[in-house]
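K.L.:
Everything below, folded, please.
(chains A and B)
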Amino acid sequence: GENVEQHPSTLSVQEGDSAVIKCTYSDSASNYFPWYKQELGKRPQLIIDIRSNVGEKKDQRIAVTLNKTAKHFSLHITETQPEDSAVYFCAAGNDMRFGAGTRLTVKP
Amino acid sequence: EAQVTQNPRYLITVTGKKLTVTCSQNMNHEYMSWYRQDPGLGLRQIYYSMNVEVTDKGDVPEGYKVSRKEKRNFPLILESPSPNQTSLYFCASRTSGGVGRLGMRQYFGPGTRLLVL
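P.N.:
A predicted model of the protein is given here:
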């Protein structure tokens, strides 16, 4: 089955800086790569996703890049704001395996 | 409104007392799954179901059972709960994937926080 690794486990940035979270996966047949944001006490919410036929996708301040050859994909958040503070999860594989999560803290 | 619901939201029980956590979705999704979330371990899949009467083990199935008699419902059963099953549980659903831009988007329920004493 799919194995997903996510780094870093914690990330602290100053407001306005960029944040990058990276995930690697093992199954070359995986073709869908979502990112979820989970605020304290709440359910994970999809924030952006990408399919394997696309290398990059952007939605306002967030973007996801995919390198199928290297089997990794990354979440990029620009101009970070305190409300971006949360735990972020990547996932991959038809059975939707999740990374261990990254706790992002944006300091005002 | 499209949604996934879980009940109960909070549960305190004792070791060995059978319990069921219900999950229901109103989006006619084929695929449903259960995850548990523990600090530092992310979301680990317990069981999943690709359609009615089709279920399979995820990464951490020990101590759990599921059933899928109807498309909309996917209950999680703990026959004899133990303290190591204290966790936050999420049910999720999505279409089976393949064609369609939204084919793989997964929707989560609100979560069930379980404490086993």
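K.L.:
other SSEs contacting the worst-scoring helix or strand of chain A on mean pLDDT?
P.N.:
Least confident helix or strand of chain A, by mean pLDDT, DSSP states H and E, is strand A:97-98 with a mean of 90. When contacts are defined as 3 or more CB pairs under 8 Å, 6 or more residues apart in numbering or on different chains; DSSP states H and E, strand A:97-98 packs onto strand A:86-92, strand B:42-51. For glycine as for every other residue, the C-beta is placed from the backbone atoms N, C-alpha and C.
K.L.:
Report the inter-axis angle for the helix or strand just after it versus strand B:42-51.
P.N.:
Sequence-wise, the next helix or strand downstream of strand A:97-98 (DSSP states H and E) is strand A:102-107. Relative orientation of strand A:102-107 and strand B:42-51, computed by axes from the mean of the first three to the mean of the last three CA atoms, to 10 degrees: 130 degrees.
K.L.:
I'd like to know which elements strand A:102-107 is packed against.
P.N.:
Counting contacts by 3+ CB pairs under 8 Å, 6+ apart, strand A:102-107 is packed against strand A:10-14, strand A:19-25, strand A:86-92.
K.L.:
How far away from the center of its chain is it?
P.N.:
13 Å (CA atoms, centre = their mean, to the nearest Å).
K.L.:
List the buried residues of that strand.
P.N.:
Neighbour-count burial for strand A:102-107, counted by 16 or more other CB atoms under 10 Å in any protein chain shown, picks out A:102, A:104, A:106.
K.L.:
partner strands of that strand, parallel or antiparallel?
P.N.:
As defined by DSSP bridges, the strand partners of strand A:102-107 come to strand A:10-14 (parallel), strand A:86-92 (antiparallel).
K.L.:
any chance of the ones you listed in CSV, plus distance to residue B:36 and mean neighbour count?
P.N.:
Formatted as CSV, these follow (distance: least, CB to CB, whole Å; neighbours: other CB atoms under 10 Å in any protein chain shown):
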stretch, distance to residue B:36, mean neighbour count
strand A:10-14, 21, 13
strand A:86-92, 14, 24
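K.L.:
Which strand or helix spans the residue nearest the centre of chain B?
P.N.:
In chain B, the centroid-proximal residue (CA atoms, centre = their mean) is residue B:34; its distance is 2.5 Å. Using DSSP H and E, residue B:34 sits within strand B:31-38.
K.L.:
contact partners of that strand?
P.N.:
With CB atoms under 8 Å, 6 or more residues apart in numbering or on different chains as the test, strand B:31-38 has contacts from A:95-96, A:98, B:23, B:25, B:43-51, B:58, B:60, B:64, B:66, B:68, B:74, B:76, B:85, B:87-97, B:111.
K.L.:
Repeat that for stretch B:56-68.
P.N.:
Stretch B:56-68 is contacted from outside by A:1, A:95, A:97, B:32-36, B:44-55, B:74-82, B:85, using CB under 8 Å, 6+ apart.
K.L.:
first to last residue in it, what's the distance?
P.N.:
11 Å (CA to CA, to the nearest Å).
K.L.:
Stretch B:25-36 now?
P.N.:
Start-to-end, stretch B:25-36 (CA to CA) is 18 Å.
K.L.:
Also stretch A:58-69?
P.N.:
Length of stretch A:58-69, first residue to last, CA to CA: 20 Å.
K.L.:
Identify all contacting residues around that stretch.
P.N.:
By CB under 8 Å, 6+ apart, the list of residues contacting stretch A:58-69 reads A:28, A:33, A:35, A:47-50, A:52, A:54-57, A:72-80.
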